[in-house]
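**Q** fold the following for me, if possible:
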Amino acid sequence: GQTSLVELDLDDMNFGTGSDEDTDALLPLCTVIRSSPNLRRLNVKDGGLGQEGFDILVDALVEKGGSKLEYLDVGCLDLEVDGAKVLARYIADHCQDTLVALHIETNMIEDEGLKELLPVLVDCSELRVLNISENGLEEEGFAALAETKIPTLEKLYMKENMEEDIDDDDVKEKIRSLYKIVLMADDDEEKEDDEDTEPAAAVAADAADEDSAAGELADAIGSLQI
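**A** Alright, predicted model coming up:
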């Protein structure tokens, strides 16, 4: 049967799939996702998926159909360049007109991965928040950001990249000029507003179904707790 889940927050739940040989732990989660056509918010940050686990997760998202994602946090999953390519294809094909917030920090997607994502993100008609902190971005990545404006974006978080190695201050200032808030290495943390990274439209769920949905989720992924 189908669940009524709208939001699935599994922040810091380590699925232990860093090894390509150990992806069985994802099966219950993928079953839940495939059975949740109303799912619009997904957080699997720091889930230890690795690239193969992420591929499996994306396949489940594609198969679920129904509502498109509005909020996606895939931070700290070791996606690297190949994972960035998979993510770019998924967004382009399945949520380019609904995605409001994307968090892909700490994935070492590097300049190549960023350049795969940017053309897709430019065409995201609702994207307001993008977190690409700690991704090993260097000169080419900074140049690409300076040359590419995402029309709807308001907040760009890009701390802990290679800012100190970028000699061209004009490039940094050009990036800062594009959006309302841009956070680089030395910027004030107080500028961050987590509430704004979570679109209200994606939080809402049918109140009558919340308890049953939570029960279905607990039954389906309870065996994953470590």
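**Q** now do the contacts for the closest residue to Asn107 other than its chain neighbours.
**A** Nearest non-adjacent residue to Asn107, counting by CB to CB, 6 or more residues apart in numbering: Leu79, 4.1 Å away. In this view, the C-beta of every residue, glycine as well, is placed from N, C-alpha and C. By CB atoms under 8 Å, 6 or more residues apart in numbering, Leu79 lies in contact with 51, 54, 86-87, 104, 107-109, 113.
**Q** quick check: of those, which lies closest to Asn43?
**A** When the contacts of Leu79 are compared for distance to Asn43 (CB to CB), Ile104 wins out at 12.2 Å.
**Q** from the contacts of Leu79, which would you call buried?
**A** Buried by 16 or more other CB atoms under 10 Å: 51, 54, 86-87, 104, 107, 109, 113, out of the contacts of Leu79.
**Q** with secondary structure and pLDDT as added columns, please give these in TSV.
**A** As requested, the buried ones among the contacts of Leu79 are exported to TSV (DSSP: H, G, I helix; E, B strand; the rest coil; pLDDT from 0 to 100):
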residue	secondary structure	pLDDT
Gln51	helix	90
Phe54	helix	95
Val86	helix	98
Leu87	helix	98
Ile104	coil	98
Asn107	coil	97
Ile109	coil	98
Gly113	helix	98
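**Q** closest one of these to Ile33?
**A** Taking the buried ones among the contacts of Leu79 together and measuring to Ile33 by CB to CB, the closest member is Phe54, at 12.9 Å.
**Q** from Glu134, how far out is the closest one?
**A** According to CB to CB, to the nearest Å, Phe54 and Glu134 sit 17 Å apart.
**Q** equivalent analysis for Leu156, please.
**A** Leu156 sits 14 Å away from Glu134, going by CB to CB.
**Q** more neighbours: those two, which one.
**A** Neighbours were counted for Leu156 and for Glu134 using other CB atoms under 10 Å; Leu156 has more, 21 against 18.
**Q** and the more buried one, that one's in a helix?
**A** No. Assessed with DSSP: H, G, I helix; E, B strand; the rest coil, Leu156 is strand; it does not lie in a helix.
**Q** could I get the full set of helices for the protein?
**A** Remark: helices assigned in the chain by DSSP state H are 27-34, 50-64, 80-94, 110-122, 139-147, 169-178, 200-203, 210-221.
**Q** let's have the ones you listed in JSON lines, adding distance to Asn161.
**A** Listed next are the helices of the chain as JSON lines, based on distance: least, CB to CB, whole Å:
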{"stretch": "helix 27-34", "distance to Asn161": "30"}
{"stretch": "helix 50-64", "distance to Asn161": "21"}
{"stretch": "helix 80-94", "distance to Asn161": "14"}
{"stretch": "helix 110-122", "distance to Asn161": "10"}
{"stretch": "helix 139-147", "distance to Asn161": "7"}
{"stretch": "helix 169-178", "distance to Asn161": "11"}
{"stretch": "helix 200-203", "distance to Asn161": "27"}
{"stretch": "helix 210-221", "distance to Asn161": "33"}
